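Participant: Got a sequence here, can you model it:
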Amino acid sequence: MAALDQKSPNVLLQSLCCRITGKSEAEVAHQFQYAVRVVGSNYAPTIERDEFLVSEKIKKELLKQRREGDAALFSELHRKLQTQVSLLFQIPWCICILVLALKGEPIENLCVGSYGALFAQALPRDAHSTPFYCTRPGSLPLSYPERLGPGGSQISTSMGTSGISSLGVYSLNGPTPTPQPLLAGHPPQTAGQQLGSRLAWALPNTSALAPTSRAPLGPPPLSTRAPRPRHDGDLTAEVGEAALVRDILYVFQGIDGKFIKMSNTDNCYKIDSKVVLCKSLRDTSSRLAELGWLHNKIRKYTDSRSLDRAFGLVGQSFCASLHQELKEYYRLLAVLHSQLQVEDDQGVNLGVESSLTLRRLLVWTYDPKVRLKTLAALVDFCQGRKGGELASAVHAYGKTGDPQMRALVQHILSLVSHPILNFLYRWIYDGELEDTYHEFFVASDPTVKTDRLWHDKYSLRKSMIPTFITMDQARKVLLIGKSINFLHQVCHDRTSPGKITPASKSTDSPKDAAELLSDLEGAFQGKIDAAYFETSKYLLNVLNQNYLLLEHLQAMRRYLLLGQGDFIRHLMDLLKPELARPATTLYQHNLTGILETAVRATNAQYDNAEILKRLDVRLLEVSPGDTGWDVFSLDYHVEGPIATVFTRECMSHYLRVFNFLWRAKRMEYILTDIWKGQMCNAKLLKSMPELSGVLHQCHILANEMVHFIHQMQYYITFEVLECCWDELWNKVEKAQDLDHIIAAHERFLDSVISRCLLDTNSRSLLNQLRAIFDQIIEFQSAQDSLYRSALEELTLRLQYEERKKQRDSEGEWGVTAEKEAEENRRIQEFQETIPKMRSQLRILTHFYQGIVQQFLVLIMTSPDESLRFLSFRLDFNEHYRARDPRLRASLGTTRGRRPSNI
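Facilitator: As a prediction, the model looks like this:
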């Protein structure tokens, strides 16, 4: 035997078989027969899709065998083969089939089970078998010749189908039987008897079937009873099944047939009532016509929406996915039309087993019908929706137990969600929002100014948040893009977004979107979290380092919340003469000068100059009778990025708290002056015993007031301000984004306002407290008046005694009767004013104690536990409880002792 050409296709093919199986040439004869069959065939599914899925199956098989290196090598070789093969585009597909066949995978399973098709899996693909040759491969032609079938007729080796429909390798009446092996020297026959149709190639030669072949899987042939001949326009003649099949194929495309037409009244396809047709054919035709109705419903939706620009990118993607499904459906119809044309050309009769019948159509269109039903239901469900809402509708429809329907909806969802994910990545990596048709769940208001960018410009459209994105993820997505825009527009930071957050791979294709959607809690969540943490961390660093956010926050605590004790005390001392004047006589520049003096004289001078220059004086609106104490306030100017945290609402809250604390501090200052007056005048007035009772009464009332103010100051300073501030500072240190700081700061101010009795729910308590403050001021006035008149009287008495001594030293009478009578009359008049002073103090004490008792009753019923504990300290010796029966009940229920076990 002449030496075979080592580069011939046959030798190379056999060498490939030996290399893959690891067997000798004699042992791979059977595998080589299959290889020749596959390479010489003309399988015609959708080349790109089938090739991809088969190659994926090969790689999965290699991975199952823990051959990761071989899988990577196969992937690289397959890629190179795809790039190098241009004209013979079937070669990569055929080689993939060949490799799987050589691994022992039945071709029937490869072509049917491995490709979960979009439409039906029951149309014929190939019905021939390549004869088994025992000779060496040199005698086998691989140039696509016609081969002889077992019965002597010449059979082609290819069969074309719709790629997405996965029609299978079954012939019209069952799988291809395995032919009897041919001898090596079997002479070839001529090609003159070739059939012209690919579907006709699939018709089996029943006389040549091996006796061991299986029974046909397709439906049995219908009766060959010939219908009564009919002429054009003769509807009374019985219609043949072949004519109905032709009509049905038109109906599948939404085109009225000769006998089956669309009924607008009933909204369905109906067979003309005048047509003579048996009941079974009429029912079968009606069932098949439903496919055309479903097609029309989907096509109507896509046609009406495809040109609607307002439908948006998500809607257009949805229409494109429907068009893609209809395209695969049309490919199935093209195969059916091709087969019908072949039957017409070859003259195949209805009774032949391979003919196209209604029952076969019913079987072959079962899966396409189910898919079109799903699409039609999806179209109904998505009516009136767009953007993220449309994606949510598609995602909700994918929650089904049918794996094929779930795969279909997931495929559509990957196309629909592709624009949304592109919006999302553009937003979180570049801070750009290109949402022309308002489909994305992040909305922008272009009318909002820069100073309100963080609070008002960007917001969430909750209706547009897809259901596969959680609310927490949506909030993070909003914060990421908002932070990038805040850095650029408010902080004037020119750092590119790519340096803040390195952009990862975006969804360049629906395939990428599908992979991302399949791992929402993994890769998708990881991308959002990474961008969120990096962007938020960078923003907080810019605010703290460049704009001193934390230092400004501490300045608010020290100055507006009176935390800088030495500064506040010295400022009060300096302002006392000015603020005692009427409010209308004050000038802000004078007060500003006093403020600067207080800063330079205390530890406040060591603060950052950026902070001190923002500290200022503010005069409130003047009401009739107001003094400077009533209208004075400190102010803190904020602008730029820190104004996002210290908003106008926050600064108004600070102003309210400052006024309250300033008034309470003034009460402490007044009581200090009262105590100083009492201590200084106590020795001076010892010579006036008639004042001892009044002075004792003043001491008692002053001590009550001092105790009350000290307890209130303790409550405000330690239980309110310090506790709230500590909670705020802990939250600020743990904050992950600017929103956390803003929320913590707002909660701090709300808590301070509520617990300082400045909210609407504590209005009655605040009124009582202000009344107590007024009583303290009135008591100061009463005591000052008392001391003033007493000191005047004391001065006059001392002057009288001095004159008396002086006259005695001169040798004259110390006093004349007239002078003595005048002195006694004046002393009598002064003593007559003492009961008035005593009654005035008694009335003042009564009013003060009544207001305190009412205040205690109110705080005892307060839901705030700290306020209830304050009542215990205010009435620690039950002085007020003994005077007011209401306090006995309240204090008794609240101070209930531990129940006895007796």
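
Participant: got the contact list for residue 310?
Facilitator: For residue 310, the contacting residues are residue 437, by Cβ atoms under 8 Å, 6 or more residues apart in numbering. For glycine as for every other residue, the C-beta is placed from the backbone atoms N, C-alpha and C.

Participant: What values do phi and psi take at it?
Facilitator: phi -70, psi -10 (degrees, to the nearest 10).

Participant: let's have the chain start at 368 instead
Facilitator: With 368 as the first residue, the last one maps to residue 677.

Participant: any idea how far it is from residue 754?
Facilitator: Separation of residue 677 from residue 754 (Cβ to Cβ, to the nearest Å): 11 Å.

Participant: Need the overlap of contacts for the two.
Facilitator: In contact with both residue 677 and residue 754: residue 804, using Cβ under 8 Å, 6+ apart.

Participant: Quick one: find the helix or strand in this protein with the lowest mean pLDDT.
Facilitator: Here the helix or strand of the chain ranked lowest by mean pLDDT, DSSP states H and E is helix 565-568, holding a mean of 31.

Participant: right, and the helix or strand after it?
Facilitator: Per DSSP states H and E, the first helix or strand lying C-terminal to helix 565-568 is helix 608-619.

Participant: Tell me the helices and strands packed up against that next one.
Facilitator: Contact analysis of helix 608-619 by 3 or more Cβ pairs under 8 Å, 6 or more residues apart in numbering; DSSP states H and E lists strand 627-630, helix 646-673, helix 679-713, helix 725-731 as its packing neighbours.

Participant: on contacts alone, who are the packing partners of the last one?
Facilitator: So the one you mean is helix 725-731. Contact here means 3+ Cβ pairs under 8 Å, 6+ apart; on that basis helix 725-731 packs against helix 608-619, helix 646-673.

Participant: Could you say which of those helices is packed most deeply?
Facilitator: Mean neighbours per residue, mean count of other Cβ atoms under 10 Å, is largest over those for helix 608-619, with a mean of 21.

Participant: what is the mean pLDDT for that one?
Facilitator: Helix 608-619 shows a mean pLDDT of 88.

Participant: Could you do stretch 1244-1259 as well?
Facilitator: Stretch 1244-1259 comes out at a mean pLDDT of 74.

Participant: so residue 652 sits right up against residue 615, yeah?
Facilitator: Yes: assessed by Cβ atoms under 8 Å, residue 652 is found in contact with residue 615 at 6.3 Å.

Participant: overlap in contacts of the two?
Facilitator: By Cβ under 8 Å, 6+ apart, the residues touching both residue 652 and residue 615 are 627, 725.

Participant: ok so, going back, now distance to residue 425 too, for the helices and strands packed on helix 608-619, in TSV please.
Facilitator: Output for these, formatted as TSV (distance: least, Cβ to Cβ, whole Å):
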stretch	distance to residue 425
strand 627-630	45
helix 646-673	35
helix 679-713	24
helix 725-731	29
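
Participant: Of all these, which one is nearest residue 995?
Facilitator: helix 679-713 (62.9 Å; Cβ to Cβ).

Participant: buried sites along the closest one?
Facilitator: Within helix 679-713, the residues that qualify as buried are 679-689, 692-693, 695-696, 698-700, 702-707, 709-710, counting by 16 or more other Cβ atoms under 10 Å.

Participant: Ok, stretch 735-754 next?
Facilitator: Buried, per 16+ other Cβ under 10 Å, within stretch 735-754: 735-739, 741-743, 745-746, 749, 752-754.

Participant: What pLDDT is listed against residue 392?
Facilitator: For residue 392, pLDDT reads 81.

Participant: can you count the residues close to it?
Facilitator: Neighbour count for residue 392, taken as other Cβ atoms under 10 Å: 13.

Participant: What of residue 1165?
Facilitator: 12.

Participant: same check, this time on residue 757
Facilitator: Using other Cβ under 10 Å, residue 757 is surrounded by 25 other residues.

Participant: next one: the host helix or strand of residue 1040 to chain centre, how far?
Facilitator: For residue 1040, the enclosing helix or strand under DSSP H and E is helix 1015-1051. Offset of helix 1015-1051 from its chain centre (Cα atoms, centre = their mean, to the nearest Å): 50 Å.

Participant: so what secondary structure elements neighbour that helix?
Facilitator: helix 932-946, strand 999-1003, helix 1059-1081, helix 1105-1122, helix 1130-1176.

Participant: can you give me the angle that helix makes with helix 932-946?
Facilitator: Per axes from the mean of the first three to the mean of the last three Cα atoms, to 10 degrees, the angle that helix 1015-1051 makes with helix 932-946 is 80 degrees.

Participant: Okay, now the unreliable bits of this protein?
Facilitator: 368-374, 407-418, 450-604, 713-721, 870-882, 885-888, 1181, 1256-1269 (pLDDT under 70).

Participant: Now do the buried residues in the helix holding residue 1040.
Facilitator: 1017-1018, 1020-1029, 1031-1038, 1041, 1044-1045, 1048.

Participant: likewise stretch 794-807?
Facilitator: Result for stretch 794-807 [16+ other Cβ under 10 Å]: buried residues 794-798, 802, 804, 806-807.

Participant: Now do it: everything it contacts.
Facilitator: Contacts for stretch 794-807 (Cβ under 8 Å, 6+ apart): 676-682, 753-755, 786-787, 790-791, 793, 809-811, 828, 831, 844, 847-848, 851-852, 855, 864-865, 868, 870, 873, 894-895, 898, 902.

Participant: Any idea how many residues pack against residue 676?
Facilitator: Neighbours of residue 676 using other Cβ under 10 Å come to 10.

Participant: Name the nearest residue to it, sequence neighbours excluded.
Facilitator: Once flanking residues are discounted, residue 676 sits nearest to residue 804: 7.5 Å by Cβ to Cβ, 6 or more residues apart in numbering.

Participant: any idea how far that neighbour lies from residue 831?
Facilitator: In terms of Cβ to Cβ, residue 804 sits 11 Å off from residue 831.

Participant: swap in residue 869?
Facilitator: Residue 869 is 28 Å from residue 831, by Cβ to Cβ.

Participant: neighbour count winner among those two?
Facilitator: Between residue 869 and residue 831, counted using other Cβ under 10 Å, residue 831 has the larger neighbour count: 24 against 11.

Participant: Would you agree that one is in contact with residue 755?
Facilitator: Yes: using Cβ under 8 Å, residue 831 is in contact with residue 755, at 3.5 Å.

Participant: which residues do the two both contact?
Facilitator: Going by Cβ under 8 Å, 6+ apart, residues that sit against residue 831 and also against residue 755 are 806-808.

Participant: any chance of those residues in a markdown table, plus secondary structure and distance to residue 626?
Facilitator: Listed next are the shared contacts of residue 831 and residue 755 as a markdown table, based on DSSP: H, G, I helix; E, B strand; the rest coil; distance: Cβ to Cβ, whole Å:
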| residue | secondary structure | distance to residue 626 |
| --- | --- | --- |
| 806 | coil | 46 |
| 807 | coil | 51 |
| 808 | coil | 51 |
